[in-house]
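> I would like the atomic coordinates for the input below:
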Amino acid sequence: MEDNSDQETRLKMWLEQFTNELENSSSLNLDEAFKDFSSDTTLPKLRASIAGDLIGNKPDVALDRIHTYCVKRFRALLADRGMPCDPSTPLHAIFGAYGKAVRDEGVVSQFALPTLRVQHKLFEGLNDARNKRSFAHDNDLLAVSEARFIVDCVLASLSFIERIEADRDSANTTSDNEIPF
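Reported below is the predicted structural model:
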């Protein structure tokens, strides 16, 4: 049996290889959207599974795992803010709480706020597609073109959110390093 750390290393190398392939075939950067944000051992496997399906042009198959990733990511972002959420809270409600948090923190301008409202609808749609048109349940799958459109929109949204978080982290680091006089 293979050592767990060796398996994780191989999985990370595989994910990097396929991420590069996906990035070459897409205008969206997978690593910008799907971050390795925690020490949860299921996260690299989840990311690798999503990448494999996207590279294999199976976005319809990846929808349920993309939903799972989004739930994990937004719960983590809320927990970082001291705002844990109930395990039964649906994705769009979790994202709604996140959107309110970044609005209240002032980390996005008035120009980005309408975009966050639209993204709330996007995650509501992803939640609905996951429940009614993915392998999460015994469903017929979405058409590949529709699933690709949803995935592309979600990837763009996640990339934007990761940039918000990077800016927020940078601002917090700068203020932590200032010498109080």
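
> residue contacts, the residue most central in space within the chain?
Nearest to the mean C-alpha position of the chain, by C-alpha atoms, centre = their mean, lies Cys70 at 4.2 Å. Cys70 is in contact with 91, 95, 123, 126, 154, 158, counting by C-beta atoms under 8 Å, 6 or more residues apart in numbering. Bear in mind the C-beta positions are built from the backbone N, C-alpha and C, glycine included.

> averaged pLDDT, the strand or helix carrying Asp60. What do you get?
Per DSSP states H and E: Asp60 is located in helix 59-80. Throughout helix 59-80, pLDDT has a mean value of 95.

> centre of the chain to that helix, how far?
5 Å (C-alpha atoms, centre = their mean, to the nearest Å).

> what residues of it count as buried?
Of all the residues in helix 59-80, those buried under the rule 16 or more other C-beta atoms under 10 Å are 59-75, 77-78.

> lowest average confidence, helix or strand, in this structure?
Least confident helix or strand of the chain, by mean pLDDT, DSSP states H and E, is helix 4-25 with a mean of 67.

> counting by contacts, list what the longest helix seen in the chain packs against.
Criterion DSSP state H: the longest helix present in the chain is helix 144-177. Contact partners of helix 144-177 among helices and strands, from 3 or more C-beta pairs under 8 Å, 6 or more residues apart in numbering; DSSP states H and E: helix 30-33, helix 59-80, helix 91-105, helix 113-133.

> for the record, mean pLDDT for it?
The model assigns helix 144-177 a mean pLDDT of 86.

> report the inter-axis angle for it versus helix 113-133.
130 degrees (axes from the mean of the first three to the mean of the last three C-alpha atoms, to 10 degrees).

> what about helix 144-177, distance to the chain center?
Distance, centroid of helix 144-177 to centroid of chain: 8 Å (C-alpha atoms, centre = their mean).

> closest one to Leu142 out of the contacts of Cys70, please.
Leu142 lies nearest to Leu126 out of the contacts of Cys70, by C-beta to C-beta, at 10.8 Å.

> list the residues that contact that closest one.
So Leu126 contacts 63, 66-67, 70, 91-92, 150, 154 (C-beta under 8 Å, 6+ apart).

> Tyr69 too?
So Tyr69 contacts 34, 46-47, 50 (C-beta under 8 Å, 6+ apart).

> just those residues: which are in helices?
46-47, 50.
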